[in-house]
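*Asks:* Starting from these lines, generate the structure:
(one chain, ligands or ions: 2)
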Amino acid sequence: MNEPGMFESKKVAPGITTLVSYLPIPGLGVLPVNAFVIQSKEPMLVDTGLAALRTDFMRELKSLINLNELRWIWITHADMDHLGNLEAVLAEAPNARVITTFVGMAKMGLQGISLDRVYLLNPGQSLDVGDRKILALSPPTFDAPETTGLFDQKTGVLFSADSFGAILAQPAENAAEISEQNLREGGHLWASIDAPWLALIDPQKFNNTLTAISDLKPQVILSSHLPVAAGMNKTLLDNLSEAYKTPRFVGPDQEALEKMMVA
Ligand SMILES: [Fe+2]
Ligand SMILES: [Fe+2]
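*Replies:* Numbering: from 1, shown residues only. Ligands and ions are numbered 1, 2, ... in the order given. Down below sits the predicted model:
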């Protein structure tokens, strides 16, 4: 893969669909970039994909949901791989409100938009979407202070934002088909890029955050940066518990980049 690409959407749990895309990372592999639609009574979109794929993203999204009916757009955090099509979706979804935190609202420059289009939710708080409650939580790893994951208490699906992501050799249908070694090494590489502070942590304290996830007993983990992972809690948690041992990532410099471009 040389360019970002959108793949076919995939049903991953009852009433939950992933909008799948992949971003090539030169010299390293590919990064899944997922957004999700939850067909709750009050339908929700989780993150908004890559701006570079806007036409494909909007087409896939509209094939899943009538945007007039969309009520919630949960932005896990204000990175461009999560925000890419927010404006485009907001423009076509007049009844949708953006869920974020106070910091997220500031970072996205949403202060200017009407307050009835924003909804602030902190980790530990829940949102009632008609047929279920969605719990906001802090995922174990993150690259931005406003990050909130979410746990759908009806289906037991955990949306973990950047956490549990992995850089992969190639796209995959689901996390179970990735070899154990690739999943572990790709996960550690991603964690060393996305959460460089992991190298500084107290592993004992960090493990408490993993236990909190384990205690939720998610049926499925949906990371923004991993194919759907069903029944893989132990593997993913074990992998992340070791990620602090990977030195923080230092990317190619200009000279190395130019060599890569020639190659
Ligand atoms: Fe991020
Ligand atoms: Fe991300």
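*Asks:* Residue 23 falls within a helix, correct?
*Replies:* No - counting by DSSP: H, G, I helix; E, B strand; the rest coil, residue 23 is not part of a helix but strand.
*Asks:* Contacts only, for it.
*Replies:* 4, 30-31, 33, 50, 81 (C-beta atoms under 8 Å, 6 or more residues apart in numbering). Where C-beta positions appear, they are placed from N, C-alpha and C, glycine not excepted.
*Asks:* Please identify which of the residues you listed is nearest to ligand 2.
*Replies:* Nearest to ligand 2 out of the contacts of residue 23 is residue 81 (C-beta to the ion; 4.5 Å).
*Asks:* Go ahead and confirm that closest one touches residue 52.
*Replies:* No - taking C-beta atoms under 8 Å as the definition, residue 81 is not a contact partner of residue 52, at 10.0 Å.
*Asks:* got a list of what the residue most central in space within the chain touches?
*Replies:* By C-alpha atoms, centre = their mean, the chain has its centre lying nearest to residue 224, at 2.3 Å. By C-beta under 8 Å, 6+ apart, the residues touching residue 224 are 32-35, 47, 76, 81-82, 159-162, 165.
*Asks:* Switch these over to a markdown table; also include secondary structure.
*Replies:* Output for the contacts of residue 224, formatted as a markdown table (three-state DSSP):
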| residue | secondary structure |
| --- | --- |
| 32 | strand |
| 33 | strand |
| 34 | strand |
| 35 | strand |
| 47 | coil |
| 76 | coil |
| 81 | helix |
| 82 | helix |
| 159 | strand |
| 160 | coil |
| 161 | coil |
| 162 | coil |
| 165 | coil |
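*Asks:* Tell me the one of those residues nearest ligand 1?
*Replies:* Using C-beta to the ion, those come closest to ligand 1 at residue 162, 4.3 Å.
*Asks:* Distance of that closest one relative to residue 259?
*Replies:* 29 Å (C-beta to C-beta, to the nearest Å).
*Asks:* So for those two, which sits in the more crowded spot?
*Replies:* Each of residue 162 and residue 259 has its neighbours counted (other C-beta atoms under 10 Å); residue 162 has more, 26 against 11.
*Asks:* where's the more buried one relative to residue 82, distance?
*Replies:* 9 Å.
*Asks:* do residue 249 as well
*Replies:* Using C-beta to C-beta, residue 249 is found at 20 Å from residue 82.
*Asks:* between those two, which one's more packed in?
*Replies:* Legend: neighbour count by other C-beta under 10 Å for residue 249 and residue 82, higher for residue 82 (25 against 16).
*Asks:* contacting residues around that one?
*Replies:* Here residue 82 is in contact with 35, 47-48, 75-76, 161, 224 (criterion: C-beta under 8 Å, 6+ apart).
*Asks:* Now the two most distant members of those.
*Replies:* The most widely separated members of the contacts of residue 82, counting by C-beta to C-beta, are 48 and 161 (13.3 Å).
*Asks:* neighbours around the nearest residue to residue 139 once chain neighbours are set aside, how many?
*Replies:* Nearest residue to residue 139 in three dimensions, chain neighbours excluded: residue 163, at 3.7 Å (C-beta to C-beta, 6 or more residues apart in numbering). Neighbourhood size, residue 163 [other C-beta under 10 Å]: 31.
*Asks:* Let's have the contacts of residue 23 in a markdown table, adding distance to ligand 2 and neighbour count.
*Replies:* Formatted as a markdown table, those follow (distance: C-beta to the ion, whole Å; neighbours: other C-beta atoms under 10 Å):
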| residue | distance to ligand 2 | neighbour count |
| --- | --- | --- |
| 4 | 13 | 20 |
| 30 | 14 | 19 |
| 31 | 8 | 23 |
| 33 | 7 | 22 |
| 50 | 10 | 22 |
| 81 | 4 | 22 |
